[in-house]
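Trainee: give me the fold of what follows.
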Amino acid sequence: MRKIGWVLLLSLSCYSGRTQDAKIRGRVEGGGEGWVFLAGFEGNRYLVWDSVWSVDGGFSFAMEEARPPGLYRLLFPDHARMVPMNQRQAEFLFNREVLDLHIAMGNGSVSLLADGSLENLIYREFQEMERGLEDRIASVYPLLGPDGEPGAIRLYENLQRERTAFLDSLIDLYPGLLVSRWMDASRSPFLPGGMTHARRLDTLRICFFDGAGLDDPLLLHTPVYFYKMIDYLALVESGRGRGDASGPDYREAVDRIMVNVGGDPYLHAWAVETLLHWFEDRDLEEPQFYVWETYADEHCVSDVAALVEERMRANEAMEPGKRVPDVMFRDVTGVNHRLSTLGHSRVLVLFWASTCPHCLDMLPHLVEWMEEANPDLLLVAVSIDADAANLEAYLEKWPLPGIVVHEEGGWLGRMASDFRVYATPTLFLLDGEGVILDRPASLRQLQRSLR
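Mentor: The predicted structure follows:
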């Protein structure tokens, strides 16, 4: 087991609680004149709480009751340019105490000393342990497996036991500290070194939250829950290809996360909105809708929650079986058309843009399939390009069959609004009467719909 330093143990033995008049004060050596900003971690990012103008590097912030315990960051000037601008910051834990901070700059780095702060003494010890453990595990990981080196397997398993013993020793000694709650939430399941890499990952996916759920609202003011959720989703994403994982596997991942979220409404809303953001960044609509339908409640009021709700309403209005508006439109050659008089038994309305990567991936395959299979299908390709020159340049190189329309109003244009389109590519497979037969998400789904 890794032993805790004597200095830390002696410091812990002097712990006697926190003062009521909480403050953060101190000095940035060499900081000079300028603004000092205080930012606190909230959910998934830092938010600036306060600022003071410093003439000599000194600062003082009164921490009212509204300022929660958590991870904070100071951002400060550096007129001597001793460190890069993006490193002119210092992180520390605050837990309703008086913090005396000394910040020194030099040799391109920043060092912070929090005099008498037990939270920060343990936090630094914890961070150093984690960094050292990661390096040692990385060095032996390639040597693991059913036919791995016995010495490497023993070391890998002993390192996991050492981490657990380290966490237990501090958490048992001071369970009331914020950093102890952070460490408790950072627990990981034990993974035998003799497993294959694939089985080890599968075990980790299943046991990821064992003994360390997402049930402490106070920890939303530290990054532990955010990184824990993101790490788990990345683990799920790595298990299968994007095409296979976008449906039931992500649903299972969402369920596994939410069953480990505590009953606090704020914590529940944070988990839902974090999932919505993560799927939004990856253009994964189906699991995003699943999160909203299954877990969203009246406490989910963020912009991304409102966006998903609006999309779901649009989807319900334009689902298979509904009739689309009988719009009139003008193609790029100047010919006017009405949807109801196109004279085809099947019409594919495709909303796309020449700047949309997914569109550019799909279009060549769609055109090739239409030319080879010669389906009884009319393509109406509606470009929402803001710049007509981009559309013209694309068509000059890669002409499209059927009818090509430029929606000059972009997302706010008549066709995009009538079809309630909010993303590209979006496809509607219609019959000759303008009834939606399917909303395929890919060429393969379109081909299945036409069989």
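
Trainee: show me what the helix or strand hosting Phe37 is packed against.
Mentor: According to DSSP states H and E, Phe37 maps onto strand 34-42. If you count contacts as 3 or more CB pairs under 8 Å, 6 or more residues apart in numbering; DSSP states H and E, strand 34-42 packs onto strand 45-54, strand 70-75. C-beta: built from backbone N, CA, C; applies to glycine.

Trainee: please identify the most buried of those strands.
Mentor: strand 70-75 (a mean of 20; mean count of other CB atoms under 10 Å).

Trainee: identify each buried residue in stretch 279-291, please.
Mentor: Phe279, Leu284, Glu285, Pro287, Gln288, Phe289, Tyr290, Val291 (16 or more other CB atoms under 10 Å).

Trainee: for these, give me CSV that also has pLDDT and secondary structure.
Mentor: Listed next are the buried residues of stretch 279-291 as CSV, based on pLDDT from 0 to 100; DSSP: H, G, I helix; E, B strand; the rest coil:
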residue, pLDDT, secondary structure
Phe279, 88, helix
Leu284, 83, coil
Glu285, 81, helix
Pro287, 88, helix
Gln288, 87, helix
Phe289, 86, helix
Tyr290, 89, helix
Val291, 90, helix
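
Trainee: excluding chain neighbours, what is closest to the residue most central in space within the chain?
Mentor: Taking CA atoms, centre = their mean, the centroid of the chain lies closest to Trp278, which sits 3.9 Å from it. In space, and not counting its chain neighbours, Trp278 is closest to Leu233: 5.8 Å by CB to CB, 6 or more residues apart in numbering.

Trainee: quick check: the one you found is in a helix.
Mentor: Yes: with DSSP: H, G, I helix; E, B strand; the rest coil as the criterion, Leu233 is part of a helix.

Trainee: spit out the contact partners of it.
Mentor: For Leu233, the contacting residues are Ala253, Ile257, Trp278, by CB atoms under 8 Å, 6 or more residues apart in numbering.

Trainee: what's the answer for Met195, then?
Mentor: So Met195 contacts Leu144, Gly145, Pro146, Thr203 (CB under 8 Å, 6+ apart).

Trainee: ranking these by neighbours, who comes first?
Mentor: Neighbour counts for the contacts of Met195, by other CB atoms under 10 Å, peak at Leu144, which reaches 23 neighbours.

Trainee: surely that residue touches Pro192?
Mentor: No: contact criterion CB atoms under 8 Å: Leu144 and Pro192 do not qualify, at 9.0 Å.

Trainee: any idea what the closest residue to Val405 other than its chain neighbours is bridged to?
Mentor: Leaving aside its chain neighbours, Val405 sits nearest to Val382 (4.6 Å; criterion: CB to CB, 6+ apart). With DSSP bridges as the criterion, Val382 is bridged to Phe351, Val405.

Trainee: coming back round to it: reformat the contacts of Met195 as JSON lines; add pLDDT.
Mentor: Output for these, formatted as JSON lines (pLDDT from 0 to 100):
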{"residue": "Leu144", "pLDDT": "95"}
{"residue": "Gly145", "pLDDT": "94"}
{"residue": "Pro146", "pLDDT": "95"}
{"residue": "Thr203", "pLDDT": "92"}
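
Trainee: could you give the angle of the strand holding Phe37 to strand 45-54?
Mentor: 160 degrees (axes from the mean of the first three to the mean of the last three CA atoms, to 10 degrees).

Trainee: and stretch 417-437, which residues are buried?
Mentor: 419-421, 424-430, 434, 436-437.

Trainee: any stretches of the chain with poor pLDDT?
Mentor: 1-20, 78-87, 240-248 (pLDDT under 70).

Trainee: which stretches in the stretch 351-451 of the chain count as helices?
Mentor: 357-373, 388-397, 414-418, 443-449 (DSSP state H, counting those that start in this stretch).

Trainee: can you list the ones you listed in JSON lines and add distance to Ala271?
Mentor: Formatted as JSON lines, the helices of the stretch 351-451 of the chain follow (distance: least, CB to CB, whole Å):
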{"stretch": "helix 357-373", "distance to Ala271": "28"}
{"stretch": "helix 388-397", "distance to Ala271": "40"}
{"stretch": "helix 414-418", "distance to Ala271": "33"}
{"stretch": "helix 443-449", "distance to Ala271": "30"}
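
Trainee: and the ones you listed: which comes nearest Phe329?
Mentor: helix 414-418 (5.9 Å; CB to CB).

Trainee: list the residues that contact Trp398.
Mentor: With CB under 8 Å, 6+ apart, Trp398 has these contacts: Leu363, Pro364, Val367.

Trainee: if you could redo that for Trp53, that was the one I meant.
Mentor: Per CB under 8 Å, 6+ apart, neighbours of Trp53: Glu33, Gly34, Trp35, Val36.

Trainee: mind redoing it with 10 Å?
Mentor: Glu33, Gly34, Trp35, Val36, Phe59 (CB atoms under 10 Å, 6 or more residues apart in numbering).

Trainee: quick one, which of these are buried?
Mentor: By neighbour count, with 16+ other CB under 10 Å, those hold Val36, Phe59 as buried.

Trainee: any chance of the contacts of Trp53 in a markdown table, plus distance to Asn44?
Mentor: Below are these laid out as a markdown table (distance: CB to CB, whole Å):
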| residue | distance to Asn44 |
| --- | --- |
| Glu33 | 33 |
| Gly34 | 28 |
| Trp35 | 25 |
| Val36 | 24 |
| Phe59 | 26 |
